[in-house]
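1. Here is the input, now give the coordinates:
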Amino acid sequence: MAATFRVSSLIRFSLIVVFTFAEANNNGGRFTVDLIQRDSPLSPFYNPSESHFDRLHNAFLRSISRMNHLKTTLSPSSHSIKVLQSPLVSIGGEYFMNISIGTPPVELIGIADTGSDLTWIQCKPCEECYKQKPPLFDPKRSSTYKILTCESRYCSALDLAKRCESHRNLCEYSYSYGDYSFTEGNLAVENFAIGDSTSGSSVTLPKIVFGCGHDNGGSFDEAGSGIIGLGGGSLSLISQLGSSIKGKFSYCLVQTSSSETTNYATSKINFGAESSMNVSSFVSTPLVDKEPATYYYVTLEAISVGKKKLPYTNSSNGDHNFAEGEEGNIIIDSGTTLTFLGSQVYDKVATVLEEEIGSKRVSDPRGVLGACFRVKSESDVDLPVITVHFSGGADVKLQPLNAFMRVEEDLVCFSMVPSDSVAILGNLAQMNFLLEFDFEKKTVSFMATDCSKQ
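-> Residues are numbered from 1 along each chain as shown. Got it, this is the predicted structure:
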């Protein structure tokens, strides 16, 4: 049955921790982080000169750039090359994390990325550094900084990105981006604190492995100091926390609004087991082990438009790793705004969507989205529920706020687009769902909820 259309905005966020480390330990190792949308007036990256529709369009373009980058890192020919996963555009990442590093602590801002593993920041001395507003971290001034040796297991995890300063046996790394951005430096351990240390609401994380970049350049935002890796690989912050968070983290992304009001609910990310979970309300699908291990792969079996179910099969997808019907054929990524589907299946979905809505499809004037419909008002059209059917019986019902966007006053577009390679479940499709990643059970679980009340 069709549902009344309600528009949504993009999910982009910064990270602010709300528990101290002691409180986290007393809470079974669990701590929670507030997520602030990048374009919210609460964000330091908010640009008041941009319209709501301009912000959406910019986010869509970043999605295309990110998908193209993921394509290069996921193609079979690139599996022998270690490339740092990151957004490719010059205005920087989709969301940011406030961190402090070292003893005494230095406050910095990093791009928080579920599609990256290695955490790295810019460090003194800099052979080449991009301009950043926060001060550069000087490891010589920290009493807890230590460079890892070439024989350390974390240095070995760098694989082809590993270099060794042989005369001192010190581990070095060299990562490059698809847009010719790069970072090079030492692999080290240091004490981190996530959150706002000035308010006393930060979580201390001792002996975190990270890259201290002495040679960095490319299209990085000057407001940030590097990248915080939240992916699934062995070097990521998630993997390093490991048993201390019981192999679990979850997040709940709040639906955003185009209205310029002062009432903003913040999204949440939880490190550790979710204590308030109603297990019976969740549907779960297996995480699939694939290379590179950075990404969170699941298996999409079918898509329903209203009551019309379409199998996610029979594609001529050029990348056999993401062929419809194959295990691990889609990535769950909070850093991508749009959802990308295999081209053949997308065409079938768009055709059924046009029949279901009963309105002629029109083109997106900005040339990004493929299925748009003219509307006079929000009550002028009923849009169907889109159900994504994952393996293991996990049927996730996407409400109109998850699958449609108002991109102009009288234009509504389907927020899924075709891809000839990588399939991605983007953050718009994840709004108002609590998602839990459980690395012990190797599952991702979904529960529909009002994330503003979490």
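2. which ones are touching Asp438?
-> 247-248, 444-445 (C-beta atoms under 8 Å, 6 or more residues apart in numbering). No exception for glycine: its C-beta is placed from N, CA and C like everyone else's.
3. should've said Glu354
-> 360-361, 371.
4. Does it belong to a helix, a strand or coil?
-> Following DSSP: H, G, I helix; E, B strand; the rest coil, Glu354 is assigned to helix.
5. Can we start the residue count at 31 from this point?
-> In the new count, where the first residue is 31, that last one comes out as Glu384.
6. top of the contacts of Glu384 by neighbour count?
-> Ala401 (24 neighbours; other C-beta atoms under 10 Å).
7. which residue packs closest to that one, ignoring adjacent ones?
-> Phe444 (4.0 Å; C-beta to C-beta, 6 or more residues apart in numbering).
8. Quick check: bridge partners of the one you found?
-> Beta bridges link Phe444 to Phe434, judged by DSSP bridges.
9. hang on, it packs against Val382?
-> No - with contact defined as C-beta atoms under 8 Å, Phe444 and Val382 do not form a contacting pair (11.2 Å).
10. Of these two, which one has the most company?
-> More crowded of Phe444 and Val382, by other C-beta under 10 Å: Phe444, with 26 against 18.
11. what residues are up against the residue nearest to Ala401?
-> Phe444 sits in contact with 380, 383, 399-402, 433-434, where contact means C-beta under 8 Å, 6+ apart.
12. now the strands for the stretch 31-180 of the chain?
-> 33-34, 44-47, 61-66, 126-131, 136-143, 150-152, 176-177 (DSSP state E, counting those that start in this stretch).
13. Kindly reformat those strands as CSV containing distance to Asn88.
-> Shown next, in CSV, are the strands of the stretch 31-180 of the chain (distance: least, C-beta to C-beta, whole Å):
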stretch, distance to Asn88
strand 33-34, 28
strand 44-47, 17
strand 61-66, 18
strand 126-131, 16
strand 136-143, 16
strand 150-152, 25
strand 176-177, 39
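14. between these, which gets nearest to Thr417?
-> strand 33-34 (12.0 Å; C-beta to C-beta).
15. re the thing from before, between the contacts of Phe444, which is closest to Pro78?
-> Nearest to Pro78 out of the contacts of Phe444 is Leu399 (C-beta to C-beta; 25.4 Å).
16. contacting residues around the closest one?
-> Neighbour list for Leu399: 90, 368, 435, 437, 443-445, 447 [criterion: C-beta under 8 Å, 6+ apart].
17. Next: Ser280.
-> Counting by C-beta under 8 Å, 6+ apart, Ser280 has contacts 299-300, 304, 464-467.
18. Mind listing the strands whichever strand or helix holds Lys339 pairs with, and their directions?
-> According to DSSP states H and E, Lys339 maps onto strand 338-341. Strand 338-341 has its sheet partners listed here by DSSP bridges as strand 330-335 (antiparallel).
19. chain center to the partner strand: distance?
-> 22 Å (C-alpha atoms, centre = their mean, to the nearest Å).
20. Assign Thr343 to helix, strand or coil.
-> Using three-state DSSP, the structure places Thr343 in coil.
21. How much space separates it from Val375?
-> Going from Thr343 to Val375 by C-beta to C-beta, to the nearest Å gives 8 Å.
22. higher neighbour count, those two?
-> Val375 (23 against 15).
23. Shouldn't the more buried one be within a helix?
-> Yes - membership of Val375 in a helix is supported by three-state DSSP.
24. surely it meets Lys339?
-> No - counting by C-beta under 8 Å, Val375 stays clear of Lys339, with 11.9 Å between them.
25. shared neighbours of the two, which are they?
-> Ile333.
26. that older thread, out of the contacts of Asp468, who's the most crowded?
-> Val474 (24 neighbours).
27. ok, how many other residues are close to His244?
-> Using other C-beta under 10 Å, the number of residues around His244 comes to 20.
28. Name the SS class of the nearest residue to it once chain neighbours are set aside, please.
-> Among residues not flanking His244 along the chain, Gly215 sits closest, at 4.5 Å (C-beta to C-beta, 6+ apart). Following three-state DSSP, the label given to Gly215 is strand.
29. and Gly215, what pLDDT?
-> On pLDDT, Gly215 comes in at 96.
30. just Asn77 next, same as before
-> On the pLDDT scale, Asn77 gets 84.
31. quick revisit: which one of the contacts of Glu384 is nearest Glu331?
-> Of the contacts of Glu384, the one sitting nearest to Glu331 (C-beta to C-beta) turns out to be Ala401, at 22.0 Å.
32. Could you list which residues are in contact with that closest one?
-> 380, 383-384, 391, 443-444.
33. Done for today, thanks.
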